[in-house]
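>>> Provided below are the primary sequence and the corresponding predicted coordinates.
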Amino acid sequence: MAKKTINNDVLLSNIIKGIEEVKGNDIDILDLREIDNSACDYFIICNGNSNTQVSAIVNSVQKTVSKELKDKPWHVEGMENAEWVLMDYVNIVVHVFQKHIREYYNIESLWGDAKITTIQNKY
């Protein structure tokens, strides 16, 4: 049975919705489509204020995407200590950080050629 293809824009908007549901901060979308040999089309990067909030963001994204699109991440990594959780939706990879860990790794700077769109907080 063939797996249905989900539109990247629809998946992006549902991921953002899941992050905003639990007040995830500093949401950036990195468009990697123009970069040679990139692993995916988009990175979504956000942060929470604690491991509890990071876990809540990840759970909210999974719940929103599952409910709206009947899809789940191919792989989730980092939930044990919830300092940096990676959610792999194949074409879109979501990075949920604690603020100090995000500042330390600064992965946006590693993808300096990417077009970065910042989503303004609604709260």
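Good, I have the coordinates.

>>> hang on, isn't Ile107 packed against Cys46?
No. Checked against CB atoms under 8 Å, the pair Ile107 and Cys46 is beyond contact range at 12.0 Å. C-beta coordinates here come from the backbone N, C-alpha and C atoms, glycine included.

>>> okay, the two: which has more neighbours?
Cys46 (23 against 14; other CB atoms under 10 Å).

>>> Now the longest helix along the chain: buried residues?
Criterion DSSP state H: the longest helix present in the chain is helix 51-69. Residues of helix 51-69 classed as buried: 53-58, 60-62, 64-65, 69 (neighbour count, 16 or more other CB atoms under 10 Å).

>>> Pick out the least confidently modelled helix or strand of the protein, by mean pLDDT.
Here the helix or strand of the chain ranked lowest by mean pLDDT, DSSP states H and E is helix 107-110, holding a mean of 92.

>>> now Asn59: how far from Lys23?
13 Å (CB to CB, to the nearest Å).

>>> Show me the contact partners of the longest helix of the chain.
6, 10-11, 14-15, 17-19, 21-24, 46-48, 71-73, 76, 79, 81-83, 85, 87, 89, 94, 96-98 (CB atoms under 8 Å, 6 or more residues apart in numbering).

>>> In helices, which of those appear?
Per DSSP H, helices hold the following members of those: 10-11, 14-15, 17-19, 21.
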